[in-house]
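A.B. asks: generate a structure from the sequence data that follows.
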Amino acid sequence: MTATADIRWERKDDEDWAAAFEFHLVMRHLPPREVTERALADVHEAVREAGGSVRELFGDPSEYADAIAGEAAGTSPARAGLDGVTAGERFAHTLLVGALVGGGLAALCWFEDGLWLGFSWASLTAVVTVATAVLLVCGAVALRTAGRIRAVWAALAGSVAVVAGGSFAMSVLPERHLFTLPAPLLVAACAALAAGAHRLSADRFDTWFAPPRPRGAEAWLRRLEGLLRGRHGMSRGEAYEHVAEARSHIGENPVALREFEDVEAYAAALAAGPRRAHRAERRKALGAVGFAVAVGLGSFDILRAADVSSFWFWSAAVALGFAVAEAVVSLRRAARGRRGRA
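C.D. replies: Predicted coordinates:
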């Protein structure tokens, strides 16, 4: 992230804002480099002409980054979730993170076990189980942004079933050696998957998760509830109140369904307002807690062995510590936002 290298900001606060904007834009949206450079150049020129601070002119850097990314991708704000990311972008980003983590683990195995890694039926089943479960979780996260709540639970249930089935298979399959593979090959495979997730069009991914256009009032109302709860992070009760109100309007005046027009735009309008920021912080906190739980479950056996001389013990301990710290920080931030709103 070096797009700000050739720009000289008169105020330190403006420079910090630009760095935060660039970090958020690149890490969350992965736009082409020219998009970041053009956006920063436009901001710098506007600040120089207006004479005010960049925050006064453009507001929060993360929100402005989401807006720039949406404009660059031609994305309607109604299609984006609480963090300004569409379902296709969310799937691509989650898959990218999974591929990078997989590559990192393969590199650690290379460092710890040597160049050649041996596989048995049990270890091969473990790799397939983890890869399938991660793919299902990536799909569940994207389906949530798409507003397809039932499909989210189906994907998560499938992930649990895959892990349970894989664990049982590993307990009964023989440990007999089958073949060896060079560790760099696994690292390269994960790198190729990460590159593919980065380069493929998010619009193509969006079409995978978009449901059919709702036909009829009940289908429209079900879609509205799914969008409010999944894409916009409303609680079940809050979403139900909005759906009940819309159902009442439609019952009194059937033409109201045409007046509401596109269900995604209507859901986005209902979700707008000061509570949106709190919902975003709450969802981020829940995601951090879920990640910490996943890391804890994944590292349980390693930590239970308490072999402090083991490289994997300390790797698992550091990963779990980082995940727990991130969860605590996110929960405290969400709690502060709730108290501030109250």
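
A.B. asks: dump the residue contacts of Ser120.
C.D. replies: Going by Cβ atoms under 8 Å, 6 or more residues apart in numbering, Ser120 touches Leu173, Pro174, Glu175, Arg176, His177, Leu178. To be clear about C-beta, it is placed using only N, CA and C from the backbone, and glycine gets the same treatment.

A.B. asks: beta-bridge partners for it, please?
C.D. replies: Bridge pairing for Ser120 (DSSP bridges) gives the partners His177.

A.B. asks: ok, so what distance separates it from Asp301?
C.D. replies: According to Cβ to Cβ, to the nearest Å, Ser120 and Asp301 sit 18 Å apart.

A.B. asks: likewise Glu218?
C.D. replies: Distance, Glu218 to Asp301, by Cβ to Cβ: 48 Å.

A.B. asks: picking that back up, out of the contacts of Ser120, which one sits closest to Glu225?
C.D. replies: Leu173 (43.6 Å; Cβ to Cβ).

A.B. asks: which residues does the host helix or strand of Leu270 contact?
C.D. replies: Counting by DSSP states H and E, the element that carries Leu270 is helix 263-271. For helix 263-271, the surrounding residues in contact (Cβ under 8 Å, 6+ apart) are 76-79, 147, 214, 220, 223-224, 227-228, 231-234, 242, 246, 260, 279.

A.B. asks: how about that helix: buried residues?
C.D. replies: By 16 or more other Cβ atoms under 10 Å, the buried positions in helix 263-271 come out as Val263, Glu264, Tyr266, Ala267, Ala268, Leu270, Ala271.

A.B. asks: hmm, back to that, now, which of the contacts of Ser120 sits nearest Ser167?
C.D. replies: Ranked by distance to Ser167 (Cβ to Cβ), the contacts of Ser120 are led by Leu173 at 11.0 Å.

A.B. asks: so where do the strands sit in the stretch 101-250 of the chain?
C.D. replies: In the stretch 101-250 of the chain, the strands defined using DSSP state E, counting those that start in this stretch lie at 116-120, 177-182.

A.B. asks: which residues of the stretch 51-200 of the chain fall in helices?
C.D. replies: Taking DSSP state H, counting those that start in this stretch to define them, one finds helices in the stretch 51-200 of the chain at 54-58, 61-73, 87-113, 121-146, 149-172, 183-199.

A.B. asks: okay, now the domains of the protein?
C.D. replies: 12-74, 85-209, 217-271, 274-342 (automatic domain parsing).

A.B. asks: let's have those domains in TSV, adding mean pLDDT.
C.D. replies: Below are these laid out as TSV (pLDDT from 0 to 100):
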stretch	mean pLDDT
domain 12-74	80
domain 85-209	86
domain 217-271	85
domain 274-342	80
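
A.B. asks: among the contacts of helix 263-271, which ones are buried?
C.D. replies: 78-79, 147, 214, 220, 223-224, 227-228, 231-234, 242, 246, 260, 279.

A.B. asks: show me the residues you listed that map onto helices.
C.D. replies: Trp220, Arg223, Leu224, His242, Ala246, Phe260, Arg279 (DSSP state H).

A.B. asks: the residue lying closest to Gly81 once chain neighbours are set aside - how many residues pack around it?
C.D. replies: Distances taken as Cβ to Cβ, 6 or more residues apart in numbering put Thr145 closest to Gly81, at 4.3 Å, once the chain neighbours are dropped. By other Cβ atoms under 10 Å, the residues close to Thr145 number 26.

A.B. asks: try Ser235
C.D. replies: By other Cβ under 10 Å, 12 other residues sit near Ser235.

A.B. asks: what are the phi and psi values for it?
C.D. replies: Reported as degrees, to the nearest 10, the phi and psi values for Ser235 are phi -70, psi 160.

A.B. asks: measure it to Leu224 for me?
C.D. replies: 15 Å.

A.B. asks: what are the buried residues along stretch 91-109?
C.D. replies: Phe91, Ala92, His93, Thr94, Leu95, Leu96, Gly98, Ala99, Gly102, Gly103, Ala106.

A.B. asks: so what's the first one up against?
C.D. replies: Listed by Cβ under 8 Å, 6+ apart, the contact set of Phe91 reads Cys138, Gly139, Val141, Ala142, Phe205, Trp208, Phe209.

A.B. asks: what sits closest to it if chain neighbours are left out?
C.D. replies: For Phe91, ignoring the flanking residues on the chain, the nearest one in space by Cβ to Cβ, 6+ apart is Ala142 at 3.6 Å.

A.B. asks: which of the buried residues of stretch 91-109 sits closest to His24?
C.D. replies: His93 (12.8 Å).

A.B. asks: rewinding a little: which residues touch the residue nearest to Phe91?
C.D. replies: Contacts of Ala142 by Cβ under 8 Å, 6+ apart are Ala87, Gly88, Arg90, Phe91, Thr94, Phe205, Trp208, Phe209.

A.B. asks: which pair in these spans the largest distance?
C.D. replies: Checked with Cβ to Cβ, these reach their widest spread between Thr94 and Trp208, with 13.3 Å between them.

A.B. asks: quick check: buried residues in the longest helix that the chain contains?
C.D. replies: Scanning the chain for the helix with the most residues, using DSSP H, yields helix 311-341. Neighbour counts using 16+ other Cβ under 10 Å place 312-313, 315-316, 319-320, 323-324, 326-327, 330-331, 334, 337 of helix 311-341 among the buried residues.
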